[in-house]
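1. Structure, please.
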Amino acid sequence: MTPVLLAVAHGSRDPAAITSTRVLLRLVHSLRPELAVRCCFLDIARPSLDQALARLARQRPILVPLLLGTGYHLRVDLPAALAAAGLPLTHLAPALGPHPLLVEALADRLAEAGAPPDAPVVLAGAGSSDPTALADTTRTARLLATRLGHPVTPAHLSAATPTPHQAVATLQANGHPRIALATYLLSPGFFARRAATTPARWTSAPLSAHPAVARLVLQRYDETRAIAALPTAA
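-> Got it, this is the predicted structure:
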């Protein structure tokens, strides 16, 4: 039996965030119709991770976290949930980022927002108290800088500095009046609205259902299925 792809999202009280997750997963399924794609949420929204694992444990799903970095959820919560469900850690994919496919999506979203290729960029991640997650945002900023051909400043919307407002202000003080802000979030919601309040000239939309993100979800699934030595779809 081909294992189910169980995508694990943060969860949100914002209906737009839940809708965005489901749209992304419909795109994932459209790229591989023979694969069963399900979703669950770490907080607030339903089904919860525990509910989804209870329903799917016999199908031995592959968990693909819809998380952009390796933080507490991925290091602690998800392994604990797998263990409680009697599934090995090999069924857990890594975080989506950092990865060149996310950089492709970020660059496209900046272009869609109208940002010129040479505009200074601030990369606005969600932020975390976990140093590993912050380091992942910094690595993504470096990858995006390589793609754009000029420096990108990492910033954090919570729990760490610089904040996007601080990063934009610093660039302005250094003589850059026209700045682009790359929203390094998967879905709309509270943090995306906060990102949109900076004085940056251009602010990109969240990554959401970008085709590169959908391809990355499938890539993480395939990599993990191979490690777990599980069958592919017929």
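2. Surely residue 80 is in a helix?
-> Yes - according to DSSP: H, G, I helix; E, B strand; the rest coil, the state of residue 80 is that of a helix.
3. ok, it - how many residues close by?
-> The local packing of residue 80 (other C-beta atoms under 10 Å) involves 11 other residues. For every residue, glycine as well, the C-beta is placed using N, CA and C.
4. now swap in residue 161 and tell me
-> When counting by other C-beta under 10 Å, one arrives at 9 neighbours for residue 161.
5. Identify the residue spatially nearest to the most centrally placed residue in the chain, adjacent ones excluded.
-> Among the residues of the chain, residue 68 comes closest to the average C-alpha position under C-alpha atoms, centre = their mean, at 3.4 Å. The shortest distance from residue 68 to any residue other than its chain neighbours is 4.3 Å, reached at residue 97 (C-beta to C-beta, 6 or more residues apart in numbering).
6. Also residue 92?
-> With C-beta to C-beta, 6+ apart as the criterion, residue 92 has its nearest non-adjacent residue at 5.0 Å, and that residue is residue 63.
7. Lowest-scoring secondary structure element of the protein by mean pLDDT?
-> Among the helices and strands of the chain, helix 72 carries the lowest confidence by mean pLDDT, DSSP states H and E, at a mean of 91.
8. which stretches of the chain have low pLDDT?
-> Residue ranges of the chain with pLDDT under 70: 1, 230-234.
9. can I assume residue 182 is in contact with residue 123?
-> Yes - between residue 182 and residue 123 a contact is recorded at 4.9 Å, counting by C-beta atoms under 8 Å.
10. Tell me which helix or strand the residue lying farthest from the centre of the chain sits in.
-> For the chain, the largest distance from the centre (C-alpha atoms, centre = their mean) belongs to residue 175, which lies 31.8 Å off. Residue 175 belongs to no helix or strand when assigned by DSSP states H and E.
11. Helix or strand: which one has residue 144?
-> Mapping residue 144 onto the secondary structure by DSSP H and E places it in helix 131-148.
12. What are the contacting residues of that helix?
-> Surrounding helix 131-148, the residues in contact under the criterion C-beta atoms under 8 Å, 6 or more residues apart in numbering are 68-71, 75, 95, 97-98, 100, 102-104, 106-107, 117, 121, 123, 125, 127-128, 151-154, 156, 160, 182, 184.
13. how about the helices of this protein, start to end?
-> Defined through DSSP state H, the helices belonging to the chain, from first to last, are 15-31, 49-56, 72, 78-84, 100-112, 131-148, 164-173, 190-195, 211-227.
14. Buried by neighbour count: which residues of the fourth one qualify?
-> Along helix 78-84, these residues count as buried under the neighbour rule (16 or more other C-beta atoms under 10 Å): 78, 79, 81, 82.
15. Wait, the last one touches residue 63, no?
-> Spelled out, it's residue 82. Yes - taking contacts as C-beta under 8 Å, residue 82 lies within contact range of residue 63: 6.9 Å.
16. Need the residues touching each of the two.
-> Both residue 82 and residue 63 are in contact with 91, 92, where contact means C-beta under 8 Å, 6+ apart.
17. now the helices of the chain as a markdown table including distance to residue 204?
-> Written out in a markdown table, the entries for the helices of the chain read as follows (distance: least, C-beta to C-beta, whole Å):
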| stretch | distance to residue 204 |
| --- | --- |
| helix 15-31 | 14 |
| helix 49-56 | 29 |
| helix 72 | 27 |
| helix 78-84 | 28 |
| helix 100-112 | 4 |
| helix 131-148 | 11 |
| helix 164-173 | 12 |
| helix 190-195 | 9 |
| helix 211-227 | 14 |
